[in-house]
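Peer 1: 3D, please:
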Amino acid sequence: MPGRFGRTYKERKSLYQTQASELLWYGKIETTVSKAKQVKAYAEKIITIAIRNYEDTIEYSKKVKDSKGKEVEVKSVKDGVKKLAARRKIMKLVSDLQEIKGNNESKSEYKARTNEVSHPLVEKIFNELAPKYAARAEEKKQGGGYTRIYQLGQRRGDAADMAILQLVD
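Peer 2: Model (predicted):
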């Protein structure tokens, strides 16, 4: 039995997942007003999960032999338990978008830049968006409000109300 937007639950979930991923990756999307309202709530939940858990890291050190055979202590940082659980939850909620090769970037430069990152969208959410919106929430003394909707008018052809959904700066 189809639900909202004339789609089944799986189709609707896939629509929200795709549009929220595009919103978080590019910063804005153009869609219908009703879809924008649904995707707004979906995307804000993802950002809230990231904000609550992005600082949970564990520093550790281990001894490694360098090229000369000497033992050297190397310090590293890994995700804590809460951040790891949040990362996995967000990976279920968003589509896996891949990094785009730049216009003047060679293939070897692109591979070197993206070699360490297996899930670029999740990394962007935790490394860029979560700290930015956590600082904004601290400054404004309120949570939420990470996105906004601008209504554009009606689309030619079917007269659907269109809107731009974008992340707040």
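
Peer 1: enumerate the positions of the longest helix seen in the chain that are buried.
Peer 2: Taking DSSP state H as the criterion, the chain has its longest helix at helix 33-53. Neighbour-count burial for helix 33-53, counted by 16 or more other C-beta atoms under 10 Å, picks out 35-36, 38-40, 42-44, 46-51, 53. Using the backbone N, CA and C atoms, a C-beta is placed for each residue, glycine as well.

Peer 1: could you do stretch 149-168 as well?
Peer 2: Buried, per 16+ other C-beta under 10 Å, within stretch 149-168: M162, A163, L165, Q166, L167.

Peer 1: name the nearest residue to R155, ignoring sequence neighbours.
Peer 2: In space, and not counting its chain neighbours, R155 is closest to M162: 5.0 Å by C-beta to C-beta, 6 or more residues apart in numbering.

Peer 1: same check on K62?
Peer 2: V74 (6.0 Å).

Peer 1: can you list the weak-confidence ranges in this structure?
Peer 2: 1-3 (pLDDT under 70).

Peer 1: about what we covered before: adding distance to N127 and secondary structure, write the buried residues of stretch 149-168 out as a markdown table.
Peer 2: Shown next, in a markdown table, are the buried residues of stretch 149-168 (distance: C-beta to C-beta, whole Å; DSSP: H, G, I helix; E, B strand; the rest coil):
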| residue | distance to N127 | secondary structure |
| --- | --- | --- |
| M162 | 32 | strand |
| A163 | 28 | strand |
| L165 | 22 | strand |
| Q166 | 20 | strand |
| L167 | 15 | strand |
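
Peer 1: tell me the one of those nearest S108?
Peer 2: L167 (32.1 Å; C-beta to C-beta).

Peer 1: report the beta-bridge partners for that closest one.
Peer 2: T147 (DSSP bridges).

Peer 1: you'd agree it is up against I29?
Peer 2: No: taking contacts as C-beta atoms under 8 Å, L167 lies outside contact range of I29: 10.0 Å.
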